[in-house]
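1. Please find the sequence and the predicted model below.
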Amino acid sequence: MLGGDAIVPPDRGLFLSTTRRMHPDLCAYVSEQFYEGQLHSHESTENQRVLAELLPETGAWMIPVDHSGRAQECPEEVAAITATVETLLNGTWRDKDGYERAMRPNDIIVVAPYNAQVNALSDALPGIRVGTVDRFQGQEAPIALISMTASSAEETTRGLEFLLSRERLNVAVSRGKALSLVFASPRLLSTPCATVDQMRLVNTLCALPLPPLGGTTP
C-alpha cells in the first residue's frame, strides 16, 4: 500500500502524525529517518527523561564499541550494555507528569538482532527484558538499548539488509520513551555500498550522533 512512500499518502489511508510515547529529542531522529519529518511528539512527553551519571537524558545516540571478528555474538557489546544498565539502575526516571523515582529493571529493554546475542545478554542481565525486534513490537520502556552485534557488514551472517534493516532499527529505537542507545562497531559506519539502497541503510546508522561529553543533552 505504501509503494515508495515513507508514510501513508492521504488518498490511501491515515497517517497518525503524533506520538504519545517518545520525547521530542528521540522522536526527532525517528521522524527524520523514517517518516519524512512528519512524526511529532505530543506535548505531554516533554517532561520524560533519564537522570543517570554520564548518560544523555533524552534522544537517540550511537555508542561506539570496538571489536572485530564478531558475527552473531559479541561479548564486547554485552559488557558495554551491562555497564550501562548498572549505571541506569543507579539513576532516576522522570515521567510525563514530572514525577521522579528510582529506575527499575522493567524500565529498560535490550534489543539484539541474533538469538545468540539475545541469549548472551539475557545471561548477563537477569531481570532485564531482552529480545529481538520481533519480541518488542508494540512494547515500550523509558530506555531502549540496541546491540548491533556484528563487527562489520562482511562478518554478519545474514547480510547487510538484515543487520541494518531500516524497519527493524525503527522499531528498536522507537521503543524508548526518552532515551535509546545503539551500541555498534564503528566499522559498520564505513560499510562499502554497492547500491543506493545499501547507502540508505548505512546512512540511517550514520545519522545517530555520538553522546556529548558529560552525558547531558545539548
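-> Looks like it came in fine. Numbers count the residues shown, from 1 in each chain.

2. Could you give the number of residues near residue 134?
-> Using other CB atoms under 10 Å, residue 134 has 9 neighbouring residues. Where C-beta positions appear, they are placed from N, C-alpha and C, glycine not excepted.

3. And for the host helix or strand of it, what's in contact with it?
-> If you go by DSSP states H and E, residue 134 is part of helix 133-136. Applying CB atoms under 8 Å, 6 or more residues apart in numbering, the contact partners of helix 133-136 are 109, 111, 113, 129, 168, 171-172, 175.

4. One more: stretch 101-111?
-> For stretch 101-111, contacts defined as CB under 8 Å, 6+ apart pick out 50, 52, 81, 85, 88-93, 95, 121, 125, 127-133, 136, 139, 141-147, 172, 175.

5. Ok, stretch 50-60 next?
-> Contacts of stretch 50-60 (CB under 8 Å, 6+ apart): 23-26, 28-30, 48-49, 84, 87-88, 90-94, 100, 103, 142-143, 173, 176, 178-182, 208-209, 211-212, 214-217.

6. Tell me the helices and strands packed up against the longest helix anywhere in the chain.
-> Ordering each helix of the chain by length in residues (DSSP state H) puts helix 75-89 first. Under the contact criterion of 3 or more CB pairs under 8 Å, 6 or more residues apart in numbering; DSSP states H and E, helix 75-89 touches strand 108-111, helix 115-124, strand 141-147, strand 176-184.

7. Which parts of the protein are helices?
-> Going by DSSP H, the chain shows helices at 24-34, 75-89, 115-124, 133-136, 160-163, 166-173, 196-206.

8. how about those helices in JSON lines, adding distance to residue 65?
-> Listed next are those as JSON lines, based on distance: least, CB to CB, whole Å:
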{"stretch": "helix 24-34", "distance to residue 65": "19"}
{"stretch": "helix 75-89", "distance to residue 65": "5"}
{"stretch": "helix 115-124", "distance to residue 65": "12"}
{"stretch": "helix 133-136", "distance to residue 65": "19"}
{"stretch": "helix 160-163", "distance to residue 65": "15"}
{"stretch": "helix 166-173", "distance to residue 65": "16"}
{"stretch": "helix 196-206", "distance to residue 65": "13"}
